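Student: Next input, structure requested:
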Amino acid sequence: MKLINTLLIILLFLFSLQAQEQSSIHSFTTKTIEGDVFEMSSLKGHKVLIINTASKCGFTSQYEQLQQLYETYKDQNFTIIGFPANNFLNQEPGTNEEILEFCQVNYGVTFPLMTKISVRGADIDPIFEWLTTKDKNGVSDRSVSWNFQKFLIDENGFLVDVFSPRTSPLDDEIVNWVKGTE
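Tutor: All right, here's what the predicted structure looks like:
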């Protein structure tokens, strides 16, 4: 009987570890804007700002601030992941190639951009389903309200906070979180 109880405890422990990993952003795989496979697990140990982007939005100029934030803190275990999406008033109509060129030419973007996805609706990308569903992320039920919504992910891959599209990427709360002085 002791052996059975010990085995049950071990199985429960292993199951709980697996459940924790599944509730982390690190369990997802996506594709870069160039079409390469990107393992979100490669971000372990990094703070991450995930943002849905669009090239023809009133907030598009935030690319400049995002690039500035990235340049300042990229060597301090921080990164930004941009996900172009065309969910709001056809503000991201371009192809992946056109989006990448636009971002590089107009804003000098060097932070990672992923392939164009959907951030809401029936065809929502699994990463954004996780980001916006409390049962999956453990923190917040908060659908994407517009382009440039910001999701803060800690070093362990867990959602920490969500900021509105109107919030500047250089807002003190975001910068202090990146620096670890919040």
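Student: Convert the helix or strand harbouring Ile80 to PDB, retaining C-alpha atoms only.
Tutor: For Ile80, the element it lies in under DSSP states H and E is strand 78-84. The C-alpha coordinates for strand 78-84 follow below in PDB (Å, rounded to 0.1, in the frame of the first residue of the first chain):
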ATOM      1  CA  PHE A  78      14.100  41.700 -21.800                       C
ATOM      2  CA  THR A  79      12.500  41.400 -25.200                       C
ATOM      3  CA  ILE A  80       9.500  42.600 -27.200                       C
ATOM      4  CA  ILE A  81       7.500  40.300 -29.400                       C
ATOM      5  CA  GLY A  82       5.200  42.000 -32.000                       C
ATOM      6  CA  PHE A  83       2.300  40.100 -33.500                       C
ATOM      7  CA  PRO A  84       0.900  42.000 -36.600                       C
END
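Student: Now the element after it, going C-ward?
Tutor: Where DSSP H and E defines the elements, the next helix or strand beyond strand 78-84 is helix 96-107.
Student: Can you tell me, leaving aside adjacent residues, what's nearest to the most centrally placed residue in the chain?
Tutor: Closest to where the C-alpha atoms of the chain average out (C-alpha atoms, centre = their mean) is Ile50, at 2.8 Å. Distances taken as C-beta to C-beta, 6 or more residues apart in numbering put Phe151 closest to Ile50, at 4.3 Å, once the chain neighbours are dropped. No exception for glycine: its C-beta is placed from N, CA and C like everyone else's.
Student: How is that neighbour assigned, secondary-structure-wise?
Tutor: When classified by DSSP: H, G, I helix; E, B strand; the rest coil, Phe151 comes out as strand.
Student: just to revisit the earlier point, and the residue nearest to the centre of the chain, how close does it get to Thr32?
Tutor: According to C-beta to C-beta, to the nearest Å, Ile50 and Thr32 sit 14 Å apart.
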